[in-house]
Structure formats: C-alpha cells, structure tokens
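*Asks:* return atomic coordinates for the entry below.
(one chain, ligands or ions: 1)
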Amino acid sequence: MKNDNRPIGVFDSGLGGLTVLRSLKETFQNESFIYFGDTARLPYGTKSQETIIRYSKEICDFLNKNDVKLIIVACNTASALAVKFLKSYLNLPIINVIDPCVEFASKVTKNNYIGVIGTQATINSKAYNKKLDRINSSFKIISQECSLFVPLIEEGFIKHQITKDVCHFYLNKKIFQKIDVLIMGCTHYPILIDYIKQYFSDNTIIVDSAKTVAFHVEQLFDNNSVLRASQKTQNIKYYLSDKSIEFNKLAAVFLKTNSLDIDYIKL
Ligand code: DGL
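*Replies:* The predicted structure follows:
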C-alpha cells in the first residue's frame, strides 16, 4: 500500500477553521497539516462572491505551492461561494464543509425540520437549502444569518455579555421551535456552542463541520482517493495573512499547545 506524507491544507478566513483542524489532527495523528487563516481580510461572510473566490484562489495557490495533497475548505462561506470555481481551477482533491454536514443532517432528522445558521453570504447563497432539497424536497429549512458572531469571536469577545445578547437577538425565535437538527453553518460557531445550545431543546441534534469533515476525509482515505501518511510525527504549520493576538491565544488553548509554528505572509 502506497503512502503520501505530504501535508493536508486547511484554510479559513481566520480562526474558525481551527474547530475543523482540531478534530482532524486528533483523528489523523500521522497526518501533517498546513493551516492558513486569512486574518488580514476577514470576515468573508459580508463580502461578494467575486471577492471570496479571489481570496480563496490566492490561498489555494499558496497551499498548492506548498505541495499539499488535499485541500479542506474549512470555511462555509468559501465552501458555498468558491468551491465550484476551485474544483475547476485546481487539479487537487478539495473538500468543502457543507456536503458532510448536509449528509449527516439529512440522515438524523426525524421530523424533517432543519435549522441552518451561518454568515450572511452563506445564508444568502442558499447553498444548504439547495443541497438539502436535492436529497429530500420535503425538508423544511429554517435559516438565520448571524453575521456578528465571526467579528465578535475574532475580537476575543467569546465570554462576554455582548456576545450573549447577540446570540439572543439571532436565536430567540419561535421559528426554531420545530427543528430537530441545527446545522452550525460556519466553522467559527462551535466556539459559541455553550450560548447557542441554550436556545434549542436538549433533543435538538447540533451538527458542526468538525466531526462530519473528519468522517469524510476518512472515506477518501478508505477509497484511496487520497493516500494516508505513514510518518510517525505530526507537523502543523500555520500561516496567517496578518498578526492576530486572538488567533494565537485561542489556538493555544484550543489545540492544547504552547508552541505554534506561525508565519505571517502576504498573498
Ligand atoms: N468560518 C467562516 C465560515 O465558516 C467565517 C466566514 C467569515 O469570515 O465571515 O463561514
């Protein structure tokens, strides 16, 4: 059996993709990763499709130059608006974070009412609605944009009254009462899970990209679309497009490490 020790590229507008990276690094301990956070240009969720495609293309060019074997678009906004372009542009396997969530949510809903929260660009793109509808046209999708979550998280307002108030503003809605599955359609949102879950019953299944994407990668390895690494050590290299104190703080806590190998680069 052949192996491929090249790293896996993972990118997001900022630190949200770390929720995906954390699960990937724990699940695939022989794999190495290059993480790119576009901290100079976030948030993506309020930008136009043209801009999101341009940013994503530049990041993928960078990852490709760094010889990654697979790219994981750990950003729902880029997954919704840029992945189609990226797939036609790059000769590399590319995973988006929407399909794995859609697949999982569609399997676990019992009453067919599915909630989706995400950035303005993701919700407006209707990417989740279209994909869910293709699986089962009787799904009822209740979606809500929560654009302020990303800036609040990136500014470090994670355990702050303002963030609780903003959660209340977006999520305290009767329309959510029927849903039995909630998709967190933004990779930043699991960082606010403790606040978010308060607005849903204990029976609501909350789906996020972290676990569903790891499962998807496992399938690519199993069917040999991408080859596993055989090395014993795991290297994780981080690149950011600008300095971000919050990224360093959160990444250290989140990934349980004091030594983050970060470089800053201009694309
Ligand atoms: N984590 C990104 C996502 O999943 C956030 C996008 C943004 O920067 O607004 O959509």
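*Asks:* from here on, just use CA atoms for contacts and neighbour counts.
*Replies:* Noted.
*Asks:* from the stretch 151-267 of the chain, which residue is nearest to the ligand?
*Replies:* Nearest residue of the stretch 151-267 of the chain to the ligand, counting by C-alpha to the nearest ligand atom: C186, 3.3 Å away.
*Asks:* so that residue touches T119, yeah?
*Replies:* Yes - between C186 and T119 there is a contact at 6.7 Å, judged by C-alpha atoms under 8 Å.
*Asks:* okay, and the common contacts of these two?
*Replies:* T77 (C-alpha atoms under 8 Å, 6 or more residues apart in numbering).
*Asks:* who has more neighbours out of these two?
*Replies:* C186 (28 against 25; other C-alpha atoms under 10 Å).
*Asks:* quick check: phi and psi on the more buried one?
*Replies:* phi -160, psi 130 (degrees, to the nearest 10).
*Asks:* which residues are in contact with it?
*Replies:* Applying C-alpha under 8 Å, 6+ apart, the residues contacting C186 are 16, 75-77, 117-119, 209.
*Asks:* the same query, at a cut-off of 7 Å, please.
*Replies:* C186 sits next to 75-76, 118-119 when contact means C-alpha atoms under 7 Å, 6 or more residues apart in numbering.
*Asks:* for those residues, which one is nearest D194?
*Replies:* D194 has its nearest neighbour among these in G118, at 16.6 Å by C-alpha to C-alpha.
*Asks:* quick one: pLDDT of K2?
*Replies:* On pLDDT, K2 comes in at 88.
*Asks:* tell me how many other residues crowd it.
*Replies:* Neighbourhood size, K2 [other C-alpha under 10 Å]: 8.
*Asks:* three-state assignment of it?
*Replies:* Classification of K2 using DSSP: H, G, I helix; E, B strand; the rest coil returns coil.
*Asks:* which parts of whichever strand or helix holds Y239 are buried?
*Replies:* Secondary structure from DSSP states H and E places Y239 in strand 236-240. Buried residues in strand 236-240, defined by neighbour count with 16 or more other C-alpha atoms under 10 Å: 236, 238-240.
*Asks:* how about the residues of the stretch 101-250 of the chain by the ligand?
*Replies:* With C-alpha under 6 Å from any ligand atom as the criterion, the stretch 101-250 of the chain comes near the ligand at residues 119, 150, 186-188.
*Asks:* run through who's touching the strand or helix carrying F85.
*Replies:* Counting by DSSP H and E, the element that carries F85 is helix 83-89. Around helix 83-89, the neighbours that count as contacts under C-alpha under 7 Å, 6+ apart are 57, 94, 96.
*Asks:* most surrounded residue in the residues you listed?
*Replies:* When neighbours are taken as other C-alpha under 10 Å, the top entry among these is N96 (23 neighbours).
*Asks:* for the ligand, see how far away it is.
*Replies:* In this view, N96 and the ligand are 10 Å apart by C-alpha to the nearest ligand atom, to the nearest Å.
*Asks:* report pLDDT for that residue.
*Replies:* Looking at N96, its pLDDT reads 97.
*Asks:* if we can go back for a sec, may I see the buried residues of the helix holding F85?
*Replies:* For helix 83-89, by 16+ other C-alpha under 10 Å, it's 83, 86.
*Asks:* what's the offset of that helix from the middle of its chain?
*Replies:* 17 Å (C-alpha atoms, centre = their mean, to the nearest Å).
*Asks:* and the next helix or strand past that helix?
*Replies:* strand 94-96.
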